[in-house]
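**Q** Can you look at this prediction? I've put the sequence above it.
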Amino acid sequence: DTGVSQDPRHKITKRGQNVTFRCDPISEHNRLYWYRQTLGQGPEFLTYFQNEAQLEKSRLLSDRFSAERPKGSFSTLEIQRTEQGDSAMYLCASSPTGGQGGYTFGSGTRLTVV
Amino acid sequence: QQQVKQSPQSLIVQKGGISIINCAYENTAFDYFPWYQQFPGKGPALLIAIRPDVSEKKEGRFTISFNKSAKQFSLHIMDSQPGDSATYFCAASSAGRRALTFGSGTRLQVQP
């Protein structure tokens, strides 16, 4: 399977704990995106990387959130001091250079903060 | 600020019927309009997309109709099948930005 891979698929954590999610994009895609999706809503943009450079961040990405893509391949999204409002599906997507959209999404990491 | 409004929230269609989902946008800078299909437990998958220089695009049973002056676009699913039962999202982005703005989704149920 050469799609976008996300790990873990599910994460349950206690409020106040830190969590980290990993995304492995399609290997030839140099653009990587993180989105958050809450139940019954469409995905909301969080941040975007081109290679290792983080080029755009949403105001939704508070200072408790940080994303990295150190070698321009996989990416991690860390949430510090989790809150119940952070409970959501965190989706990663990748796309090739050139054009707009054409995203391939992963199946997401479902975070539950208790 | 919800920049892409999607309706209806849910839709029930008989097998073989036509499913129609509508979206309206506010930002006139948007110039790329994709539709995504999402099954439970999966990420959204790109179905079809259109740019505002054409008024219609068809791929198989899926058609996008685009009305630039009204700032509206719609997805038509012809000959709807039970396997089409999923949540559908419209989205939009503007040149120079990679972020997609999604609608709130339409849950489609196709009854056999």
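**A** It's in. This one's a predicted model, so the numbers in the text were calculated from it and none came from an experiment. Residues are numbered from 1 along each chain as shown, chains lettered A, B, ... in the order given.
**Q** Report whether the expected contact of B:Pro34 with B:Leu100 is present.
**A** Yes - B:Pro34 lies in contact with B:Leu100 (CB atoms under 8 Å); the separation is 7.2 Å. Quick note: C-beta positions are derived from backbone N, CA and C, even for glycine.
**Q** Give the residue from these two that has the larger number of neighbours.
**A** Higher neighbour count among B:Pro34 and B:Leu100: B:Leu100, with 26 against 22, using other CB atoms under 10 Å in any protein chain shown.
**Q** List the contacts of that one.
**A** A:43, A:45, A:101, A:103, B:34, B:91-93 (CB atoms under 8 Å, 6 or more residues apart in numbering or on different chains).
**Q** so where's chain B shaky on pLDDT?
**A** For chain B, the stretches flagged by pLDDT under 70 are B:1-2.
**Q** redo that, cut-off 90
**A** Filtered on pLDDT under 90, chain B yields the residue ranges B:1-3, B:52, B:94-99.
**Q** Which residue comes closest to residue 16 once chain neighbours are left out?
**A** Answering for chain A, as no chain was given. Once flanking residues are discounted, A:Gly16 sits nearest to A:Arg81: 5.6 Å by CB to CB, 6 or more residues apart in numbering or on different chains.
**Q** oops, chain B please
**A** Nearest non-adjacent residue to B:Gly16, counting by CB to CB, 6+ apart: B:Asp79, 5.7 Å away.
**Q** could you measure the one you found against chain A, distance?
**A** The spacing between B:Asp79 and chain A, counted by CB to the nearest CB, to the nearest Å, is 26 Å.
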